[in-house]
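> sequence unavailable; structure follows:
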């Protein structure tokens with residue numbers, strides 16, 4: 001593949017219908033029509049209370065490097081595209097406005113987390129890659145955050161590279177996991193590319209290579225006296241592994257004035273073993289030696305282990321994190337919301353017999369309301385783009401489906417969630433360092449009520465519509481019904 005500005009050119013990573021529609025728009029005079037598209041999702045994985053937004057930085061990289069090479073154009077010939085359209089692609093320059101919710105923000109179903117405004121060929125064309133970036137990393141960041149919360153302050157390390165679906169799944173999955181709260185990753189390239197701490201010690205093969213387990217441990221302790229964590233379950237955790245680790249600590253670390261970092265177990269009944277190990281380590285004079293657990297863990301296993309009194313200080317989580325194995329598909333969608341004409345913005349709506357699939361029309365933005373006293377998030381409100389929520393006056397919230405459910409709030413702060421990322425095709429958003437994203441994520445999750453954080457049956461966080469937006473949506477629905485009665489199903 002070609003590289004542009006040292007970035008992989010993924011322009012052709014798109015669903016083919018984006019190109020058939022683009023050619024159709026071009027041939028039918030819609031090339032310069034300005035359209036608004038919303039990227040949003042309808043369901044939270046694992047039945048959780050929220051999703052962690054992630055993938056914005058990779059979305060930016062993609063949009064910065066949009067260009068069609070001659071090789072790309074040659075590959076498209078023979079599909080019925082005109083030379084005039086191919087020439088348009090040859091001179092393609094991204095010129096859209098883009099808004100996105102910052103990475104690390106908890107987000108909820110129905111609200112646009114990315115909005116694209118621009119020439120419809122361009123705004124439509126980027127659908128596939130925007131969904132790919134946001135869907136994948138938001139899924140993994142959300143799963144990681146669940147696992148981190150289950151660990152109750154104990155460190156969680158991402159160990160899943162070898163189980164990821166492809167190299168990019170490993171790399172960007174590790175990035176998303178760090179945003180979600182993991183303390184580091186086994187994926188070494190992520191330290192180079194993203195500054196995420198690379199972590200790891202040894203595999204069972206290290207121990208098997210030596211004549212004895214004790215020899216293996218002593219050799220490792222001599223090499224890494226300041227960062228010595230030993231894997232103790234190769235043969236027999238309690239009767240061989242841990243006693244040999246303790247002996248290696250005494251022979252190799254104490255004479256050098258060093259202390260052991262930890263011991264790791266990767267098999268067996270970890271709860272039982274960790275209790276016994278903690279007692280043995282304490283009695284041997286190593287109360288500061290941490291116990292690390294790995295082996296097909298997830299948030300439910302970790303939660304149950306801790307309830308049962310496991311003496312584990314940190315966790316390495318692999319396949320069930322990097323693949324979000326319990327619910328591995330995040331269903332973000334990308335829908336047309338409005339177009340601009342000489343008469344102004346014309347809202348567009350998609351209707352369905354499935355009420356949850358009816359879209360919210362118009363050029364919009366999203367606000368989050370926070371209680372001034374507690375700092376907790378009260379609700380999100382989707383409004384038309386030109387609306388402002390006045391913090392100085394009481395504001396009435398109402399359920400968009402059950403409109404009789406209403407609540408008036410005061411003493412609140414209203415904060416817009418979406419940030420402008422591109423202005424006319426130029427990136428105007430300085431992407432934060434990943435450490436800042438990770439810290440911001442922790443702060444924003446902490447602003448949610450505990451009831452929203454539950455793993456099972458969490459409290460539904462409300463995403464409401466402003467009165468003007470609700471009126472617009474239901475006016476369009478009513479107009480469609482009237483047109484259908486009149487024999488013209490199109491509004």
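Perfect, I can see it now. Computed from a predicted model, the values in this text were never measured in an experiment.
> pLDDT weak spots in the chain?
1-7, 489-491 (pLDDT under 70).
> for residue 397, helix, strand, or coil?
strand (DSSP: H, G, I helix; E, B strand; the rest coil).
> so how far is residue 286 from it?
For residue 397, the distance to residue 286 (CB to CB, to the nearest Å) stands at 55 Å. C-betas here are computed from N, CA, C, even on glycine.
> residue 440 now?
37 Å.
> so these two - more neighbours on which side?
residue 286 (20 against 16; other CB atoms under 10 Å).
> so that one sits against residue 248, correct?
No - taking contacts as CB atoms under 8 Å, residue 286 lies outside contact range of residue 248: 11.3 Å.
> buried residues in the helix or strand hosting residue 321, which are they?
Using DSSP states H and E, residue 321 falls within helix 319-322. If you call a residue buried by 16 or more other CB atoms under 10 Å, then helix 319-322 has these buried ones: 320-322.
> please apply the same query to stretch 217-234.
217-221, 224-225, 228-234.
> quick one, helices of the stretch 151-300 of the chain?
Along the stretch 151-300 of the chain, counting by DSSP state H, counting those that start in this stretch, helices occupy 167-180, 189-194, 204-209, 213-223, 242-248, 270-283, 299-307.
> out of those helices, deepest packed?
When you average the neighbours per residue for each of the helices of the stretch 151-300 of the chain (mean count of other CB atoms under 10 Å), helix 167-180 leads with a mean of 25.
> can you give me how far it is from the chain middle?
9 Å (CA atoms, centre = their mean, to the nearest Å).
> what's the answer for stretch 95-107, then?
12 Å.
> now do the helices in the stretch 1-150 of the chain.
16-27, 56-64, 70-76, 83-90, 120-125, 127-150.
> OK, contacts around residue 57?
By CB atoms under 8 Å, 6 or more residues apart in numbering, the contact set of residue 57 is 103, 431.
> so how far is residue 240 from it?
Following CB to CB, the distance that separates residue 57 from residue 240 is 46 Å.
> ok, now residue 159?
Taking CB to CB, one finds residue 159 at 24 Å from residue 240.
> for residue 266, same thing?
In terms of CB to CB, residue 266 sits 15 Å off from residue 240.
> ok, these two, which is more surrounded?
Between residue 266 and residue 240, counted using other CB under 10 Å, residue 266 has the larger neighbour count: 19 against 16.
> so what's that one up against?
Counted by CB under 8 Å, 6+ apart, residue 266 has contacts 204, 231, 233, 293-295.
> likewise for residue 25?
Contacts of residue 25 by CB under 8 Å, 6+ apart are 31, 33, 120-121, 124.
> what about residue 333, neighbour count?
15.
> who does it bridge with?
residue 40 (DSSP bridges).
> isn't it up against residue 128?
No - the criterion here is CB under 8 Å, and residue 333 misses it with residue 128 at 11.9 Å.
> report the residue ranges of every domain in this structure.
With domains defined by automatic domain parsing, the chain comprises 3-140+330-485, 141-322.
> most centrally placed residue in the protein?
residue 138 (1.8 Å; CA atoms, centre = their mean).
> how much space separates that residue from residue 22?
For residue 138 relative to residue 22 (CB to CB), the value is 27 Å.
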